[in-house]
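[1] Okay, sequence plus prediction incoming.
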Amino acid sequence: MTQSDIFESDRVPWQRLRRQGWEAFVAPIAKGGEAVVQDPELFGVAEAVFDAFANKSSTGGLTKRDLFDACSAICDEQQFGQRFEVFKSLNLLIPAISKKHEDRYLFNPYGAAGILVFDRVATEGGVDEMMALLDRTRAAILRGTATVEQVRGALTRARGMLVVAADYLLTLVRTRSLDIMIAERHQHEHPSLLNDVRAVTGQVSQRFPELDRSAYSVVVEVQRYLAARADFVERLLEEGARAENFGVLHHEKYLTAARESTVAQLSEPLARVVVDPPDPMPNPAAIVAQIEQLRPRESETPRPPRPHDPPPDTDPFQSLIDR
């Protein structure tokens with residue numbers, strides 16, 4: 001698979017990134033390049049099968065027909081049959097009774113954990129998994145069950161994850177399109193990342209002083225990752241403003257900014273926008289004068305001209321009556 005295939009634009013970015021997350025996740029244990037389903041919607045079949053077992057009322061397992069009924073809204077019978085055989089061969093579905101041709105199956109709890117892991121990785125990304133690793137390490141240190149080797153390994157993995165994530169973000173900033181960056185932005189939203197890492201490394205320095213240097217290297221890489229994330233956000237906002245694309249941020253962020261930001265913070269994005277200077281506030285006299293100018297004038301009918309000869313002294317009509 002080439003880089004152009006990874007960042008192809010013929011699919012919705014979120015669906016494409018979700019599929020890439022699966023492929024990268026199972027690559028260390030994959031037998032071949034086609035070991036992962038290419039259609040993200042087929043993952044819904046496994047989710048529907050899991051939901052069918054989670055909502056069933058009996059403990060004796062489910063039949064193939066029961067499972068197809070649960071998946072009929074997602075796939076046809078042929079697609080379900082293919083996925084069903086895969087699930088059986090990989091022991092995602094195991095026979096309820098160890099008998100040949102047994103038609104009732106149970107869901108393997110390891111498979112249920114895999115669905116949760118895949119969904120979390122596709123939604124939150126690798127940085128969230130790194131934070132989960134450090135949280136488990138911190139809990140083990142507080143319980144007194146962590147060994148030096150376990151803590152050293154966790155710090156090494158955390159530092160490596162930060163190095164990889166920072167390099168990946170910088171590549172996105174330099175070479176990728178706005179759509180790809182928008183699809184990726186939700187996987188790098190960890191506002192308390194530096195404080196959380198420092199809390200863990202502080203516990204490591206107190207309990208295992210010999211690992212202080214390793215803990216410090218993690219903090220250094222966190223700062224490098226945060227700098228890369230700042231470059232990522234800056235380009236995302238600049239490209240979004242240039243394209244007039246308000247989808248670069250979640251709508252809740254715009255609402256929060258409108259409610260909680262100061263006037264100076266709200267005006268900062270428009271600091272480089274050229275606008276006309278404001279007009280002075282008009283007074284009542286100026287408003288009345290403008291209204292008078294706009295009011296249509298009434299037309300005056302001219303009076304008829306006066307006759308040149310003076311009217312007679314006698315009334316002609318009365319003279320007619322008298323005659």
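    Noted; the coordinates are in hand.

[2] Phi, psi for Gly61 please.
    Dihedral angles of Gly61 (phi, psi; degrees, to the nearest 10) stand at phi 90, psi -180.

[3] Kindly report the same for the one 10 residues further on.
    Note on Cys71: its backbone torsions stand at phi -110, psi 0 [degrees, to the nearest 10].

[4] I'd like to know which helix or strand in the chain has the lowest mean pLDDT.
    Ranked by mean pLDDT, DSSP states H and E, the helix or strand of the chain with the weakest confidence is helix 3-6, at a mean of 35.

[5] could you say which helix or strand contains the spatially closest residue to Ala52 that is not a sequence neighbour?
    Leaving aside its sequence neighbours, Ala52 sits nearest to Ala70 (CB to CB, 6 or more residues apart in numbering; 3.7 Å). Using the backbone N, CA and C atoms, a C-beta is placed for each residue, glycine as well. Secondary structure assignment for Ala70, by DSSP states H and E: helix 64-71.

[6] Helix 64-71 and the next helix or strand after that helix, what's the angle between them?
    Sequence-wise, the next helix or strand beyond helix 64-71 is helix 77-89, with elements assigned using DSSP H and E. Between helix 77-89 and helix 64-71, the angle formed by their directions is 120 degrees, by axes from the mean of the first three to the mean of the last three CA atoms, to 10 degrees.

[7] Report the mean confidence score over helix 77-89.
    Along helix 77-89, the predicted confidence averages to a pLDDT of 89.

[8] what pairs with the helix or strand just after that helix, and is each one parallel or antiparallel?
    Reading on from helix 77-89 to the C-terminus, the next helix or strand found by DSSP H and E is strand 93-95. Within its sheet, and counting by DSSP bridges, strand 93-95 is paired with strand 104-107 (antiparallel).

[9] could you check the angle helix 77-89 makes with the helix or strand that contains Val117?
    Counting by DSSP H and E, the secondary-structure element that holds Val117 is helix 109-124. Interaxial angle of helix 109-124 relative to helix 77-89 (the same axes, to 10 degrees): 120 degrees.

[10] quick check, distance from helix 109-124 to the centre of its chain.
    19 Å (CA atoms, centre = their mean, to the nearest Å).

[11] Under the pLDDT cut-off, which ranges of the stretch 51-200 of the chain? List them.
    Within the stretch 51-200 of the chain, the stretches with pLDDT under 70 are 57-58, 98-102, 121-126, 178-183, 185-187.

[12] Quick check: the residue nearest to Ala52 touching Glu47?
    No. Using CB atoms under 8 Å, Ala70 makes no contact with Glu47, being 10.0 Å away.

[13] Just want to know which of these two has more residues nearby.
    Just comparing Ala70 and Glu47: by other CB atoms under 10 Å the higher neighbour count belongs to Ala70, 20 against 14.

[14] Show the contacting residues for that one.
    Ala48, Val49, Asp51, Ala52 (CB atoms under 8 Å, 6 or more residues apart in numbering).

[15] which helix of this structure spans the most residues?
    Longest helix of the chain, by residue count under DSSP state H: helix 212-242.

[16] Buried residues in whatever helix or strand comes next after the helix holding Val117, which are they?
    Proceeding C-terminally, helix 109-124 gives way to helix 126-143 as the next helix or strand, assigned by DSSP H and E. For helix 126-143, a neighbour-count test (16 or more other CB atoms under 10 Å) marks Gly126, Val127, Asp128, Glu129, Met130, Met131, Leu133, Leu134, Thr137, Arg138, Ala140, Ile141 as buried.

[17] got it, and stretch 43-54?
    Neighbour counts over stretch 43-54 (16+ other CB under 10 Å) mark Phe43, Val45, Ala46, Ala48, Val49, Phe50, Ala52, Phe53 as buried.
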